[in-house]
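> Provide a 3D model corresponding to the input given below.
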Amino acid sequence: MKKNQVTITDIAKELNVSPSTVSRALHDSPFISEERKREILDFAKKMNYRPNQLALSLLNKRTKILGVIVPEITSYYFSTAINGIQDKVGDFGYKLMISQSNESFEEEIRLMEAMSLVRVDGFLISPSSNTVDFDHIKTIKESGFPLIIFDRDCHGLDVDKVVVDDYSGAFDAVNYLVKTGCKRIAHITGSSNLSTTKHRRQGYLDALLENGLNIQDELIIFGEDSTSETGVDGMKSLFNLEKLPDAVFCYNDAIAIGAMSVIRERDILIPDQISLVGFDDEPYSTYFKPSLTSVWQPVYDLGVLSAKILLDQLNSDIDQNEYRHEILKPELVIRNSSKQL
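As a prediction, the model looks like this:
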């Protein structure tokens with residue numbers, strides 16, 4: 001049988017005092033003698049009394065819980081961002097309620113509604129790849145919940161945002177490939193709905209134009225998602241062309257790894273015949289043969305800064321009229337899958 005949790009009323013009955021007297025002692029009220037206070041506290045400790053956090057949160061109008069919604073929890077990228085968030089908010093006594101949308105727009109809406117019902121103090125959200133309508137986010141914000149969008153932008157939505165400069169990361173990667181002598185550079189994209197996909201594709205295009213290279217539509221392979229399977233299918237499509245690319249810039253490392261497996265199956269040398277560059281700089285990138293050149297993102301800092309801005313909102317009594325749009329800079333990490341300058 002489950003043992004019931006000890007309450008203030010239980011303590012009051014045992015000590016033959018009123019519940020209000022017990023409550024005053026537990027909250028260190030000056031309106032109770034030190035002797036009586038010590039007696040009540042000692043007995044409460046003996047009975048393993050634990051305060052009702054839900055009742056306290058209703059009293060204080062704060063739950064000290066923040067809702068975090070990400071597309072997936074298990075990936076290195078989002079788990080690292082969550083670590084940054086947790087390290088920052090933990091110092092201020094906050095806990096996280098973490099859920100994943102699994103790239104589902106409908107699930108994202110359900111999660112936000114559920115978290116609002118348990119009255120989280122605020123939200124940190126990285127939208128799903130299928131989120132193209134932001135009415136649910138506007139509703140939550142208009143209901144008075146502080147809210148931060150991180151990693152993936154929601155164009156036209158007036159909220160605080162923290163993202164990485166995907167455009168400059170892609171531009172630098174492709175510019176580097178050109179400087180190493182590559183002229184026919186392909187690109188395998190991620191999901192077309194994502195702001196990150198659009199920004200990285202634009203960086204790729206502008207780097208080609210900046211270096212006087214023509215944009216060839218046949219070299220741009222549009223992926224449906226960001227998995228290794230997309231890299232496999234995309235690379236197979238490129239092998240069907242009459243002339244192979246001499247480099248492939250991939251939306252992320254997972255796609256690059258899929259592409260690498262196809263290249264190696266065809267006995268094509270990397271980087272001698274085809275250079276390969278990913279994006280994210282996942283920890284496993286350095287262990288592949290050859291090790292993967294990739295664009296490193298300051299993901300932990302992304303989480304920390306997102307959390308800091310949300311804490312600033314929570315501690316401010318001023319109505320928000322201006323919104324922060326913080327953009328963190330990535331960095332190209334050169335390894336053996338691309339030619340050296």
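> going by C-alpha atoms from here, please, whenever you check contacts or count neighbours.
OK.
> all the helices of the stretch 151-300 of the chain, in order from the start?
For the stretch 151-300 of the chain, the helices defined by DSSP state H, counting those that start in this stretch cover 166-179, 195-210, 228-239, 253-265, 299-314.
> figure out which of those is closest to Val118.
Val118 lies closest to helix 299-314 among the helices of the stretch 151-300 of the chain, at 17.1 Å (CA to CA).
> ok, then the element right after the helix or strand of the chain with the lowest mean pLDDT?
Within the chain, no helix or strand scores below helix 53-60, which has a mean of 53 by mean pLDDT, DSSP states H and E. Heading C-terminal from helix 53-60, the first helix or strand you meet, by DSSP states H and E, is strand 65-70.
> which other helices and strands contact that next one?
On a contact count with 3 or more CA pairs under 8 Å, 6 or more residues apart in numbering; DSSP states H and E, strand 65-70 meets strand 95-100, helix 105-117, strand 122-125.
> most tightly surrounded among the ones you listed?
Most buried of these by mean neighbour count (mean count of other CA atoms under 10 Å) is strand 122-125; its value is a mean of 25.
> now find how far off-centre the following helix or strand past that strand is within its chain.
Toward the C-terminal end, the helix or strand that comes next after strand 122-125 (DSSP H and E) is helix 135-142. Its chain's average C-alpha position is 19 Å from that of helix 135-142, according to CA atoms, centre = their mean, to the nearest Å.
> what angle separates helix 135-142 from helix 105-117?
20 degrees (axes from the mean of the first three to the mean of the last three CA atoms, to 10 degrees).
> which outside residues touch helix 135-142?
Helix 135-142 is contacted by residues 109, 112, 116, 147, 157 when judged by CA atoms under 8 Å, 6 or more residues apart in numbering.
> ok, now which ones touch the second one?
Right, the one you point to is Met112. Counted by CA under 8 Å, 6+ apart, Met112 has contacts 69, 140.
> quick one: Asp183 and Ile270, what's the gap?
One correction, residue 183 is Lys, not Asp. 16 Å (CA to CA, to the nearest Å).
> neighbour count: those two, which is higher?
Ile270 (21 against 17; other CA atoms under 10 Å).
> for the residue lying closest to the more buried one once chain neighbours are set aside, grab the count of nearby residues.
For Ile270, ignoring the flanking residues on the chain, the nearest one in space by CA to CA, 6 or more residues apart in numbering is Ser337 at 5.8 Å. Residues within reach of Ser337, counting by other CA under 10 Å, total 25.
> so what's the closest residue to Ser285 other than its chain neighbours up against?
Once flanking residues are discounted, Ser285 sits nearest to Leu292: 5.1 Å by CA to CA, 6+ apart. Contact analysis of Leu292 by CA under 8 Å, 6+ apart lists 276-278, 285-286, 334-338.
> can we see that at 7 Å?
277-278, 285-286, 335-337 (CA atoms under 7 Å, 6 or more residues apart in numbering).
> then Phe78?
With CA under 7 Å, 6+ apart, Phe78 has these contacts: Glu72.
> dihedrals phi and psi, it?
Main-chain torsions, Phe78, degrees, to the nearest 10: phi -80, psi -30.
> now Val248: closest residue in space that isn't a chain neighbour?
Ala186 (4.6 Å).
> counting neighbours, which bits of stretch 205-216 end up buried?
Using 16 or more other CA atoms under 10 Å as the test for burial, stretch 205-216 gives 205-208, 215.
> quick one on the thing from earlier: most neighbours among the contacts of Leu292, please name it.
Val277 (32 neighbours).
> quick check: beta-bridge partners of it?
Note on Val277: beta-bridge partners Phe249, Thr293, judged by DSSP bridges.
> now do the contacts for it.
Val277 neighbours (CA under 7 Å, 6+ apart): 248-250, 256, 292-294, 337-338.
> same list (those residues) but as CSV, adding pLDDT and distance to Glu103.
Below are the contacts of Val277 laid out as CSV (pLDDT from 0 to 100; distance: CA to CA, whole Å):
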residue, pLDDT, distance to Glu103
Val248, 98, 26
Phe249, 98, 24
Cys250, 98, 20
Ala256, 97, 21
Leu292, 98, 26
Thr293, 98, 27
Ser294, 98, 24
Ser337, 98, 30
Ser338, 98, 31
